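Participant: Sequence and computational prediction follow.
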Amino acid sequence: MAIAKSGLAGKNKPVGQSYASSLPLVAIVGRPNVGKSTLFNRLTRTRRAIVGDEPGITRDRIYGRFDWAGRDFRVVDTGGIVPDDAELIPTEICNQAKVALNEADAIVLVVDARTELARPDYDVARLLIRGGKPVFLAVNKVEGEAMALAAENFRRLGIRNVYPISAEHGQGIGELLDAIGEALPVTAERRAHEEERALGTAEEEEASQSGPEPRESHTGLPQRRVPDLPRTHGAFEQHETSVAIIGRPNVGKSTLLNALTGKARAIVSPVPGTTRDAVDEIVEYEGSRLRFIDTAGIRRKGRTNLMAEKMSVVMARKHLEAADVALLVTDATDGVTASDATIGGYAHESGRSVIVIVNKWDAVTSGRSDGKPPADRAIYEAQLRRHLKYLDYAPVIFLSALAGTGMSRVMREVKAVARERRKRVSTGQMNRFLARIDFQRAPVPMAKRVRIFYMTQAAVAPPTFVLFTDRDVKLHFAFERFLENGIRRAFGFKGTPIWFKVKARKAGTKGLRD
């Protein structure tokens, strides 16, 4: 995973390598629909890359990690290469693949054993051989002795290292990885890292005597232990903030990712739905690590026809729910649409912190060409707030991702919102706040009111408060909004939703506030 250090917009510079970026990188390349993404998912033990029967599903570079024989590797999945296709998206896919080939230490060319060799296969093979890097030919979809013998025919490509595999069933993967490991010698720095990692693993296994040992899967890849995750009801230090870039198709999400990272990380085109797999990149900004994730455009189910589009929407929702902060990107030329409100609702209901991005602002102000007067920022924001009433806590940023303006403010707001998301308020502070607030002013019918004896913050990310009341009932919407507004005035929590849980005080228990 590449790491960029961000200063002013457009001035991003590479920084020193981390352990992950110093690992050997294996690039998976080939024609469309030969099983590259299936192999990537098999190695990384994830379903990160979308897999289907439709050719050309993968477009951007997707990075992951895997381990084999006690060593760690990085792997990058690429889109299907069609060298002579002059269309915009195939050309951009080819450019992304070339970037991966330049970065890679070893290359795996994947071909389909059930198809005949074609001229693009020879063209790609010649390109890889001329590159001078270790190249391995993975003849995929080999199932049975007859197909294993047929795989020998692919030696005509001129690549000596030929390995019949079945990425879907995990057959032949071990032999391929053994050969890759032998071709990539371990440097002194990597050996020191791996010895340190092995020592740490041994100490963890010795310290925890409970639980079964990791089993070996049928692929020969050992299953990983699941690390303990930080518990959100206690204080913890988060070393990385995950930021999902979400929105409708063709609002400029990929352009925003490229502007934030200072590189052409994602394919950008005027064709809606260009992005399918989520593309992520780490940026270091003022001592913080921010992982930006460009997701596919989310549209209504009725408007998604291809299975790849349906899966990309599902994956976008999953990446949103795994993120800390969501950048909700809207198009200033379209205004706020019902789809924008729906997507913002996904982020709000899942407890993500939200920053609203109004992209293409220059197209309705300084760069306006339709003869209308420039848009007024205050009026536009007031209209946006009316459509997104439930996101009244979210900051709004007007920018142009194409021009690279406003990127520094995005970075600052992401850091600030992530910090507010993890803020903790003590029980004493909350009860002093309750003593000051006048609940008689809450616009709630008397029958719907509850008496709060005391409250405490039970969790962070998002901040969650438990109210001990005289009745176990759901808070009236107006009462909840009144209490939330008071908490925000007293303690902040900018950009993040606030959750409430109600617990009835047990009979005979004396509260802190009577």
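Facilitator: Great, that's in hand.

Participant: The most centrally placed residue in the chain: what secondary structure?
Facilitator: Central residue of the chain (Cα atoms, centre = their mean): Ile293, 3.7 Å from the mean position. Of the three states, Ile293 takes strand under DSSP: H, G, I helix; E, B strand; the rest coil.

Participant: Now it: closest residue in space, sequence neighbours ignored.
Facilitator: Once flanking residues are discounted, Ile293 sits nearest to Asp280: 4.4 Å by Cβ to Cβ, 6 or more residues apart in numbering. All C-beta atoms are positioned from the backbone trio N, CA, C, and that covers glycine.

Participant: ok so, going back, retrieve the pLDDT associated with the residue nearest to the centre of the chain.
Facilitator: What the model reports for Ile293 is a pLDDT of 92.

Participant: picking up where we left off before, and for the residue nearest to Ile293, the neighbour number?
Facilitator: By other Cβ atoms under 10 Å, 24 other residues sit near Asp280.

Participant: tell me the SS of it?
Facilitator: Quick answer, by three-state DSSP: Asp280 is strand.

Participant: That one contacts Asp294, correct?
Facilitator: Yes - with contact defined as Cβ atoms under 8 Å, Asp280 counts as touching Asp294 (7.4 Å).

Participant: what do those two both touch?
Facilitator: Counting by Cβ atoms under 8 Å, 6 or more residues apart in numbering, Asp280 and Asp294 have no shared contacts at all.

Participant: Now do the strands in the stretch 101-250 of the chain.
Facilitator: Here the stretch 101-250 of the chain has its strands, by DSSP state E, counting those that start in this stretch, at 106-112, 135-140, 162-164, 240-247.

Participant: I'd like those strands laid out as TSV, including mean neighbour count, distance to Val186 and mean pLDDT.
Facilitator: Shown next, in TSV, are the strands of the stretch 101-250 of the chain (neighbours: other Cβ atoms under 10 Å; distance: least, Cβ to Cβ, whole Å; pLDDT from 0 to 100):
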stretch	mean neighbour count	distance to Val186	mean pLDDT
strand 106-112	24	13	95
strand 135-140	24	18	96
strand 162-164	20	22	94
strand 240-247	24	27	95
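
Participant: For Asn359, find the nearest of the ones you listed.
Facilitator: Nearest to Asn359, of all these, is strand 240-247, at 8.4 Å by Cβ to Cβ.

Participant: Just name whatever secondary elements the closest one is in contact with.
Facilitator: helix 253-261, strand 288-294, helix 307-322, strand 325-331, helix 338-349, helix 407-421 (3 or more Cβ pairs under 8 Å, 6 or more residues apart in numbering; DSSP states H and E).

Participant: 10 Å - rerun?
Facilitator: helix 253-261, strand 279-285, strand 288-294, helix 307-322, strand 325-331, helix 338-349, strand 353-359, helix 407-421 (3 or more Cβ pairs under 10 Å, 6 or more residues apart in numbering; DSSP states H and E).

Participant: chain center to the third one, what's the gap?
Facilitator: Here the centre of strand 288-294 is set off from its chain's centre by 8 Å, with Cα atoms, centre = their mean, to the nearest Å.

Participant: Export that strand to CSV, keeping only CA atoms.
Facilitator: Presented in CSV, the C-alpha positions along strand 288-294 are these (Å, rounded to 0.1, in the frame of the first residue of the first chain):
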residue,chain,number,x,y,z
SER,A,288,-2.2,11.3,11.4
ARG,A,289,-2.8,8.3,9.1
LEU,A,290,-5.9,8.7,7.0
ARG,A,291,-7.1,5.8,4.8
PHE,A,292,-9.3,7.2,2.1
ILE,A,293,-11.6,4.6,0.4
ASP,A,294,-13.2,5.4,-2.9
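
Participant: Tell me which strands that strand pairs with, and in which orientation.
Facilitator: strand 240-247 (parallel), strand 279-285 (antiparallel) (DSSP bridges).

Participant: Identify each buried residue in it, please.
Facilitator: Neighbour-count burial for strand 288-294 flags Ser288, Leu290, Arg291, Phe292, Ile293, Asp294 (criterion: 16 or more other Cβ atoms under 10 Å).

Participant: ok, which stretches of the chain are helices?
Facilitator: Applying DSSP state H to the chain gives helices spanning 36-44, 88-103, 119-130, 145-150, 173-183, 188-207, 253-261, 307-322, 338-349, 377-387, 407-421, 427-436, 477-491.
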